[in-house]
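Q: based on what follows, work out the 3D shape:
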Amino acid sequence: MSAITTEAPPGMTAAPPAFTGWRVVWAAFTVAIFGWGVGFYGPPVFLFAVHESRGWSIPLVSAAVTCHFLLGALVVANLPAIHRRFGVPGVTRLSGVLSGVGVLGWALAAAPWQLFAATALSGAGWAMTGAAAINAMVSPWFIRRRPAALSTAYNGASVGGVVLSPLWIMLIAWVGFPATAALIGLTMAAVLWWLSSRYLAHGPAALGQQPDGEAPPATTTTHTAPAIAPMPARGLWRERRFLTLTLGSTLGLFAQVGLIAHLLSMLVAPLGAQRAGLVAGMMTVCAILGRTGMGWVLRPGMNRRRAAAGNYALQLTGSGVLLAAGGTDVALLLLGIALFGLGLGNATSMPPLIAQTDFAPADTARAVALITACGQAAYAFAPAAFGLLRAVDPALIFIAASVLQGFAALVLLTGRRSG
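A: Residues are numbered from 1 along each chain as shown. As a prediction, the model looks like this:
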């Protein structure tokens with residue numbers, strides 16, 4: 001009996017394996033659902049649950065929320081080094097465990113110090129599943145098509161808010177905070193562990209594939225950025241491109257988080273609680289549409305700083321329309337929320353795309369991590385800052401958001417590369 005062979009017949013070549021990059025994108029999409037659904041949209045729910053169950057003051061629990069984001073920012077700043085040491089799959093597995101244990105700590109804390117200890121775990125888990133982490137998962141697989149890939153993966157963040165925010169509230173009312181934290185935390189840990197082993201364990205080189213699924217000869221000319229030399233360790237902090245991208249992104253996120261933190265409660269009076277919730281959902285849908293559209297419209301050679309500045313201009317317009325609504329004109333309120341929402345998702349997805357064209361590949365992951373860390377450290381204080389403005393005059397929060405978004409656009413343009 002002749003031996004069985006797997007070689008292709010003469011004159012034919014074996015079919016190449018299917019490109020794995022888009023499977024990685026959908027894995028990252030799922031990670032983002034849990035990352036934002038637990039680490040970003042979860043803390044406001046936890047604040048209310050802890051306040052109700054323990055009777056601790058709102059300022060105390062609010063300080064724990066701020067601590068969650070600040071400690072997460074410290075981890076994000078060092079995420080590239082952590083990834084190099086332990087690998088993206090290992091860090092992603094760890095993130096699910098830390099998030100699950102951290103959230104359970106929020107639910108079981110019997111003393112304030114225990115609550116703040118839990119924020120160290122939940123903040124680290126959030127950092128390992130946030131914007132810089134998603135960028136690290138997707139970027140090795142895409143160069144030319146990275147805008148579309150990242151926008152798809154980051155849409156998991158919006159889905160996480162739509163799905164997990166109401167799920168947290170419903171389950172806590174049904175079975176209590178500890179049982180809900182255990183259920184969602186265990187599910188997150190299990191899903192992220194499986195995704196890491198199944199889709200994140202190997203990069204394109206290990207599978208014999210090229211970024212974007214291109215044939216090997218085509219990869220030498222697909223990078224969208226001009227040749228840029230890597231920088232020394234502290235070189236980024238002396239580079240105008242990095243400083244303007246960091247400041248612009250931080251201003252935009254500060255305005256965005258501060259406004260969103262108060263917008264829903266301000267909509268209850270003119271719309272009612274149920275309709276206000278539906279409008280918040282509409283804003284999330286607009287965020288998905290805006291991010292997806294931007295990701296697929298951007299082409300190699302397009303100026304991404306201009307695109308990001310245009311996005312902030314769109315949000316500035318939305319903030320202005322909300323101001324003009326005066327808290328009573330429903331039509332203007334809906335228009336303002338739609339315009340603001342269309343730019344919502346791009347505040348997260350655009351900085352990594354700008355970094356791709358502004359920095360050498362060796363510096364991009366470090367730049368994205370530092371930009372994300374600075375933005376997160378700043379927006380941790382945004383709800384409180386906007387709350388002070390709202391106490392003086394509710395209109396001030398829309399004025400402040402408009403001013404900050406305008407400055408964000410201008411700052412990004414001042415760091416634009418020539419050509």
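Q: list the buried residues in the helix or strand containing residue 261.
A: If you go by DSSP states H and E, residue 261 is part of helix 240-271. Going by neighbour count (16 or more other Cβ atoms under 10 Å), the buried part of helix 240-271 is 241-242, 244-264, 266-267, 271. Glycine gets a C-beta too; all of them are placed from N, C-alpha and C.
Q: distance from the chain centre to the next helix or strand along the chain from that helix, please.
A: Per DSSP H and E, the first helix or strand lying C-terminal to helix 240-271 is helix 273-297. Put simply, helix 273-297 sits 15 Å off its chain's centre (Cα atoms, centre = their mean, to the nearest Å).
Q: what's the angle between helix 273-297 and helix 240-271?
A: Orientation note: helix 273-297 sits at an angle of 150 degrees relative to helix 240-271 (axes from the mean of the first three to the mean of the last three Cα atoms, to 10 degrees).
Q: identify each buried residue in helix 273-297, please.
A: For helix 273-297, the neighbour count (16+ other Cβ under 10 Å) marks 276-277, 279-280, 283-284, 286-292, 294-295 as buried.
Q: repeat that for stretch 104-121.
A: 104-107, 109, 112, 115-116, 118-121.
Q: first-to-last residue distance for that stretch?
A: 10 Å (Cα to Cα, to the nearest Å).
Q: so for that stretch, mean pLDDT?
A: Taken as a whole, stretch 104-121 carries a mean pLDDT of 96.
Q: over to stretch 411-419?
A: Average pLDDT, stretch 411-419: 73.
Q: and residue 53, how many neighbours?
A: Counted with other Cβ atoms under 10 Å, the neighbours of residue 53 add up to 14.
Q: I misspoke; the intended subject was residue 175.
A: 12.
Q: skipping adjacent residues, who's closest to it in space?
A: Here the nearest residue to residue 175 in space, its sequence neighbours aside, is residue 183; by Cβ to Cβ, 6 or more residues apart in numbering that works out to 7.8 Å.
Q: what about the one you found, neighbour count?
A: 14.
Q: for it, give me the pLDDT.
A: pLDDT at residue 183 comes out at 97.
Q: and which of the buried residues of helix 273-297 is nearest residue 20?
A: Distance to residue 20 across the buried residues of helix 273-297 (Cβ to Cβ) is lowest for residue 295, with 19.5 Å.
Q: ok, the closest one touching residue 350?
A: No - in this structure residue 295 lies outside contact range of residue 350 using Cβ atoms under 8 Å: 9.6 Å.
Q: between those two, which contacts overlap?
A: By Cβ atoms under 8 Å, 6 or more residues apart in numbering, residue 295 and residue 350 have no common neighbours.
Q: how far away is residue 398 from residue 109?
A: 36 Å (Cβ to Cβ, to the nearest Å).
Q: equivalent analysis for residue 372, please.
A: For residue 372, the distance to residue 109 (Cβ to Cβ) stands at 27 Å.
Q: dump the host helix or strand of residue 363 to PDB, keeping only the CA atoms.
A: Per DSSP H and E, residue 363 falls inside helix 361-379. Provided in PDB are the C-alpha atoms of helix 361-379 (Å, rounded to 0.1, in the frame of the first residue of the first chain):
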ATOM      1  CA  PRO A 361       6.400  50.900  14.800                       C
ATOM      2  CA  ALA A 362       8.800  50.300  17.700                       C
ATOM      3  CA  ASP A 363       7.400  53.400  19.500                       C
ATOM      4  CA  THR A 364       3.700  53.100  18.600                       C
ATOM      5  CA  ALA A 365       2.600  50.700  21.400                       C
ATOM      6  CA  ARG A 366       4.500  52.800  24.000                       C
ATOM      7  CA  ALA A 367       3.000  56.000  22.700                       C
ATOM      8  CA  VAL A 368      -0.600  54.500  22.700                       C
ATOM      9  CA  ALA A 369      -0.200  53.200  26.300                       C
ATOM     10  CA  LEU A 370       1.100  56.600  27.600                       C
ATOM     11  CA  ILE A 371      -1.600  58.500  25.700                       C
ATOM     12  CA  THR A 372      -4.300  56.200  27.200                       C
ATOM     13  CA  ALA A 373      -2.800  56.500  30.700                       C
ATOM     14  CA  CYS A 374      -2.800  60.300  30.600                       C
ATOM     15  CA  GLY A 375      -6.300  60.400  29.300                       C
ATOM     16  CA  GLN A 376      -7.600  58.000  31.900                       C
ATOM     17  CA  ALA A 377      -5.800  59.800  34.800                       C
ATOM     18  CA  ALA A 378      -7.400  63.000  33.700                       C
ATOM     19  CA  TYR A 379     -11.000  61.900  33.000                       C
END
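Q: okay, buried residues for stretch 360-372 please.
A: 363-372.
Q: got the domain boundaries for the protein?
A: 21-204, 237-414 (automatic domain parsing).
Q: okay if I get the ones you listed as TSV plus distance to residue 214?
A: Formatted as TSV, the domains of the chain follow (distance: least, Cβ to Cβ, whole Å):
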stretch	distance to residue 214
domain 21-204	8
domain 237-414	13
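Q: for residue 211, which of these is the nearest?
A: domain 21-204 (4.6 Å).
Q: roughly how far out does the closest one sit from the chain middle?
A: How far domain 21-204 lies from its chain's middle: 11 Å, per Cα atoms, centre = their mean.
Q: again with stretch 299-311
A: Chain-centre distance of stretch 299-311: 19 Å, with Cα atoms, centre = their mean.
Q: so residue 398 sits against residue 322, correct?
A: Yes - contact status for residue 398 versus residue 322: in contact at 5.1 Å, counting by Cβ under 8 Å.
Q: and residue 259, what does it touch?
A: So residue 259 contacts 319, 340, 386, 397-398, 401 (Cβ under 8 Å, 6+ apart).
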